[in-house]
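Visitor: Next input, structure requested:
(2 chains)
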Amino acid sequence: MNSRVFVITSGKGGVGKTTTTANLGTALAMMNKRAVLVDTDIGLRNLDVVMGLENRIVFDIVDVVNGNCKLKQALIKDKRFDGLCLLPAAQTKDKTAVTPHQMKNLTNELRQDFEFILVDCPAGIEQGFKNAIAGADAAIVVATPEVSSVRDADRIVGLLEAAGLRETKLIVNRIRAKMVKKGDMMDISDILDILSIDLLGVVPEDECIVISTNRGEPAVLGNISRAGEAYRRIARRIMGEEVPMYSLQESSNIMARFKRMLTLAR
Amino acid sequence: MLDIIARFFGKDSTGSKDVARERLRLVLIHDRSLVSPELINALKEDLIQVIQQYMDIDVESLLVNLENEDDSVALVANIPIKGLKRAVNI
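Guide: A predicted model of the protein is given here:
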C-alpha cells in the first residue's frame, strides 16, 4: 500500500495538535481513506477522549512495542467509519517506554494496512518528540498566531530539518479574523514570513471545537463548524487536491452568509 | 487621553501585531544563531588570551556580544586598551 506517515507537532502545548490529528484523521476516513491515529503522548493521553473512544481501550502503544499483544489487538476501530482506527498511548508509563527505533518499526507495520498514519506528537522537544518523528515521512507543524507558539514552531522546524525530515508544512490554528483586521493579531503572511515554510491550512478560532471535544465527536463530522470545514479542506489537500485556503472573510462575515442563505431560501 | 480616544475609535495606527512581529524577529535571531552564553564566554576567554600577547587590555570591561543590525547578525567586541606593548621588530 502506498502510505504516508505524518507527524503532527508544535513544540508548545495547547495549540491544537490533538484536535488537528483527530479532525484530519476523521476527515480522511469520511473520504473513504484508511487512516490510523497514533497517540505518542505517553502518560498524558488525550486523543482517545477527543475521538470519543476512551471507553474501548484494552491495550496501548507500549503493550504493542513490548510484545504484550498484537498490533491488531491494540487498534481501536472507530465505529463511525470503516477505515478509521486509533492506537492509544499508555497512561501509566512515561516517554522512555518507547524508543525511536521501536516507533519506526511500528509505523512500518501500520503502513501495510493504512494509507494515512497520523502521529500525534507530545509537546516539548525531548524523548517524546524524538519518538514521534522517528517513523514520519512528513511533518505538520501546528502554530497559533502568538509570539510563544511561533517561536516554538521555529525551533521545531529547525529540529525537524536537523532530523532529516524534508517535508514540513504549517497549519495556522485558532486565527481570529476580527483581531487580524484590527492589527492586533499576526496575519498568515506575517507567520509565513517568519517561519518560511509552506502553508498547509488555516483554521479559524471556533467555539464548536470545545463542544465537539465535550462530546467526543470531531468537528469535521458536522456541517456547522467553521473549523471543521477548514479541517476538511486540509484533509483534501493532504490527499493531493488543490483546495482554496479558508479565507478570513468567510469566517468574519458569518452574518452576511446567513443573510445570503435566507435570501436564497426565499 | 488622545491615545485612549484614538483607540476607542479604532484609529490606533500601530496594532500590537507589529510589536509581536518585531519581538519575534529579534528573539529568533538569537534562537537560530544557536549561541549559548557558555559559548560566548569561552570565546571571550580565548580572545583575551590572544589579544594580551599584543596589547595591554582592560579585561574587566571587555564586552563580547551578538548584535543584530537590520537583517544581519554581527559579533561585536568592545575591548578597551590600557596600553600598547612596545613594538618588537621582527
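Visitor: Looking at the stretch 1-150 of chain A, which residue is nearest chain B?
Guide: A:Val147 (5.1 Å; Cβ to the nearest Cβ). In short, each C-beta sits where N, CA and C put it, glycine included.
Visitor: nearest residue to that residue other than its sequence neighbours?
Guide: Once flanking residues are discounted, A:Val147 sits nearest to B:Ala20: 5.1 Å by Cβ to Cβ, 6 or more residues apart in numbering or on different chains.
Visitor: What residues does chain B have near chain A?
Guide: Contacts of chain B with chain A, taken as Cβ under 8 Å from any Cβ of the partner chain, map to B:10, B:12, B:14-18, B:20-21, B:23-25, B:27-28, B:31-32.
Visitor: how about the residue positioned nearest the centre of chain B, secondary structure?
Guide: Computing the C-alpha centroid of chain B and ranking residues by Cα atoms, centre = their mean puts B:Glu67 first, at 3.2 Å. With DSSP: H, G, I helix; E, B strand; the rest coil as the basis, the three-state label of B:Glu67 is strand.
Visitor: Tell me how far it lies from chain A.
Guide: 20 Å (Cβ to the nearest Cβ, to the nearest Å).
Visitor: Name the residues linked to that residue by a beta bridge.
Guide: B:Ala74 (DSSP bridges).
Visitor: ok, now which ones touch the residue nearest to A:Val147?
Guide: A:146-147, A:186 (Cβ atoms under 8 Å, 6 or more residues apart in numbering or on different chains).
Visitor: What degree of burial does A:Arg4 show, as a neighbour count?
Guide: 16 (other Cβ atoms under 10 Å in any protein chain shown).
Visitor: what sits opposite it in the beta ladder?
Guide: With DSSP bridges as the rule, A:Arg4 is bridged to A:Phe116.
Visitor: Could you pull out the buried residues of the strand or helix carrying A:Phe6?
Guide: Secondary structure from DSSP states H and E places A:Phe6 in strand A:4-9. Of all the residues in strand A:4-9, those buried under the rule 16 or more other Cβ atoms under 10 Å in any protein chain shown are A:4-9.
Visitor: that older thread, and the residue nearest to A:Val147, how far is that from B:Leu63?
Guide: Distance check for B:Ala20 against B:Leu63: by Cβ to Cβ, to the nearest Å, it reads 29 Å.
Visitor: Equivalent analysis for A:Leu87, please.
Guide: For A:Leu87 relative to B:Leu63 (Cβ to Cβ), the value is 54 Å.
Visitor: thinking again about what came up before, could I get the pLDDT score of the residue nearest to the centre of chain B?
Guide: Looking at B:Glu67, its pLDDT reads 76.
Visitor: Hmm, it is touching B:Ile40, no?
Guide: No. Applying Cβ atoms under 8 Å as the test, B:Glu67 and B:Ile40 come out as separate, 12.0 Å apart.
Visitor: per-residue confidence for A:Lys70?
Guide: 97.
Visitor: go on, A:Gly228?
Guide: 97.
Visitor: quick one: it is in a helix?
Guide: Yes. A:Gly228: assigned to a helix according to three-state DSSP.
Visitor: excluding its backbone neighbours, what's nearest it?
Guide: Spatial nearest neighbour of A:Gly228, excluding adjacent residues (Cβ to Cβ, 6+ apart): A:Ala219 at 3.6 Å.
Visitor: Against chain B, how distant is the one you found?
Guide: 27 Å.
Visitor: Kindly reformat the contacts of B:Ala20 as CSV and extend each row with secondary structure and neighbour count.
Guide: Output for these, formatted as CSV (DSSP: H, G, I helix; E, B strand; the rest coil; neighbours: other Cβ atoms under 10 Å in any protein chain shown):
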residue, secondary structure, neighbour count
A:Glu146, coil, 17
A:Val147, helix, 15
A:Met186, coil, 28
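Visitor: Most proximal residue of chain A with respect to chain B?
Guide: Closest point on chain A to chain B, by Cβ to the nearest Cβ, is A:Gly183, at 2.3 Å.
Visitor: Report whether the expected contact of that residue with B:Lys17 is present.
Guide: Yes. Counting by Cβ under 8 Å, A:Gly183 touches B:Lys17, with 5.4 Å between them.
Visitor: In chain B, which residue sits nearest chain A?
Guide: Counting by Cβ to the nearest Cβ, chain B gets nearest chain A through B:Gly15, at 2.3 Å.
Visitor: nearest residue to that residue other than its sequence neighbours?
Guide: B:Gly15 sits nearest to A:Gly183 (Cβ to Cβ, 6+ apart), 2.3 Å away.
Visitor: now the strands: where do they sit in the chain?
Guide: Defaulting to chain A. Assignment of strands within chain A using DSSP state E yields the ranges A:4-9, A:35-39, A:76-77, A:84-87, A:116-120, A:138-143, A:167-175, A:198-204.
Visitor: Chain B is the one I meant
Guide: B:55-57, B:63-69, B:72-78, B:81-84.
Visitor: what's the first one packed up against?
Guide: Counting contacts by 3 or more Cβ pairs under 8 Å, 6 or more residues apart in numbering or on different chains; DSSP states H and E, strand B:55-57 is packed against strand B:81-84.
Visitor: so where's chain B uncertain?
Guide: Applying pLDDT under 70 to chain B picks out residues B:1-13, B:34-36, B:68-72, B:86-90.
Visitor: how about the top helix by length along it: buried residues?
Guide: Longest helix in chain B, counting residues (DSSP state H): helix B:16-33. Residues B:17, B:20-21, B:24, B:28 are the ones in helix B:16-33 that count as buried (16+ other Cβ under 10 Å).
Visitor: Alright, calling it a day.
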